[in-house]
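Visitor: Structural data only, the sequence is not supplied:
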């Protein structure tokens, strides 16, 4: 999808790109979301380097780094920061961004960016619900048939899964047919 965005005739020189979440891993590591973001969107669309804002997960203290990222968001997108568009996916366990079931970060209401506990061998930096819910638009991408049940729960607003706590107002969902049950 990012490659398709990059091909669109948009005023890329005015676009700022922020990460919604990132695994705490070394630069260039295959676990990093930034690796795919850079290859598929930033480089292809010609987004100026000063307008690409990767999460600073390589810093020695991820909690301090999350505060730094929050300040960057505020400098670009206001206080409180409001993004025009947030691109989200959903995991089979109902997580989105790195808002993972049972993680203490789910309860954070007074910060835009936080650091999770360990999940699939990595801690992560993530935008919180207040940040995601304040965005002007949300775009969900679901490309796997096995996510049909969790997608249905998302669309029903099931708040027992993290994704269900993201507002559905001003939301568009792109999903493969096989992931859409009886809708």
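Guide: Looks like it came in fine. Here the structure is a predicted model, which is why all the values come from computation and not from measurement. Residues are numbered from 1 along each chain as shown.

Visitor: Find the nearest non-adjacent residue to the residue most central in space within the chain, please.
Guide: In the chain, the centroid-proximal residue (Cα atoms, centre = their mean) is residue 20; its distance is 2.9 Å. Once flanking residues are discounted, residue 20 sits nearest to residue 97: 4.7 Å by Cβ to Cβ, 6 or more residues apart in numbering. The way it works is simple: take the backbone N, C-alpha and C, and place the C-beta from them, glycine included.

Visitor: Show the backbone phi and psi for residue 50.
Guide: Listed backbone geometry of residue 50 is phi -70, psi -10, with angles given as degrees, to the nearest 10.

Visitor: residues contacting it?
Guide: Under the criterion of Cβ atoms under 8 Å, 6 or more residues apart in numbering, residue 50 has no neighbours.

Visitor: residue ranges of the strands in the protein, please?
Guide: Listed in chain order, the strands of the chain (DSSP state E) span 17-18, 21-23, 52-53, 85-88, 113-115, 124-127, 137-142, 171-175.

Visitor: Just put those strands in a markdown table and tack on mean pLDDT.
Guide: As requested, the strands of the chain are exported to a markdown table (pLDDT from 0 to 100):
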| stretch | mean pLDDT |
| --- | --- |
| strand 17-18 | 97 |
| strand 21-23 | 97 |
| strand 52-53 | 96 |
| strand 85-88 | 96 |
| strand 113-115 | 98 |
| strand 124-127 | 98 |
| strand 137-142 | 95 |
| strand 171-175 | 92 |
